[in-house]
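Participant: Here's a sequence, model it:
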Amino acid sequence: MSNRTIRIAELVQRELGSYLHTKYKQEAVAITVADVEVAPDLKTGKIYFSILGDEATVDERFRWLLRKRAELRKVLAQRIKIKFAPDWVFLIDQAVERGNRVLDLLDDLAREEKAKQSEEDGDA
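Facilitator: This next block holds a predicted model:
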């Protein structure tokens, strides 16, 4: 990834987050622009959203974002002056969910190790 694509990705993340939280305060309160990836040709990109809430809430908020996709693309094209307005793909960021799963697995391992240790201490 070149410095230019990194700067554009950071700018998109900042501008989109700012727009959502100023124009759609209620709807976007639980939505965070987690990451942005821009293709080297600057014609396409991926925007990852982190959405707080249960599965139904996440699904509802993501569908709301998809309905606003054309408006968000237009706003980004107005705020960020580059030759092409990239075609954005909206995705849900799974990093928090994966991190929680890893933490649960580590907790399970720690409990098993502690149980095994107490069994060995009880046998001795």
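
Participant: shaky segments in this structure?
Facilitator: Within the chain, the ranges that satisfy pLDDT under 70 run 123-124.

Participant: The same query, at a cut-off of 80, please.
Facilitator: 1, 122-124 (pLDDT under 80).

Participant: Could you give me the buried positions within whichever helix in it runs longest?
Facilitator: The longest helix of the chain (DSSP state H) is helix 95-123. The neighbour-count check on helix 95-123 (16 or more other Cβ atoms under 10 Å) flags nothing as buried. No exception for glycine: its C-beta is placed from N, CA and C like everyone else's.

Participant: likewise stretch 75-89?
Facilitator: Here stretch 75-89 shows 75-76, 86, 88 as buried, counting by 16+ other Cβ under 10 Å.

Participant: Could you check how far S2 is from L106?
Facilitator: Remark: distance between S2 and L106 (Cβ to Cβ, to the nearest Å) = 37 Å.

Participant: go on, V33?
Facilitator: Per Cβ to Cβ, V33 is found 29 Å from L106.

Participant: could you pull out the helices for this structure?
Facilitator: Going by DSSP H, the chain shows helices at 3-23, 55-67, 69-79, 95-123.

Participant: Distance to I47 added to those helices, as CSV?
Facilitator: As requested, those are arranged in CSV below (distance: least, Cβ to Cβ, whole Å):
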stretch, distance to I47
helix 3-23, 7
helix 55-67, 9
helix 69-79, 8
helix 95-123, 14
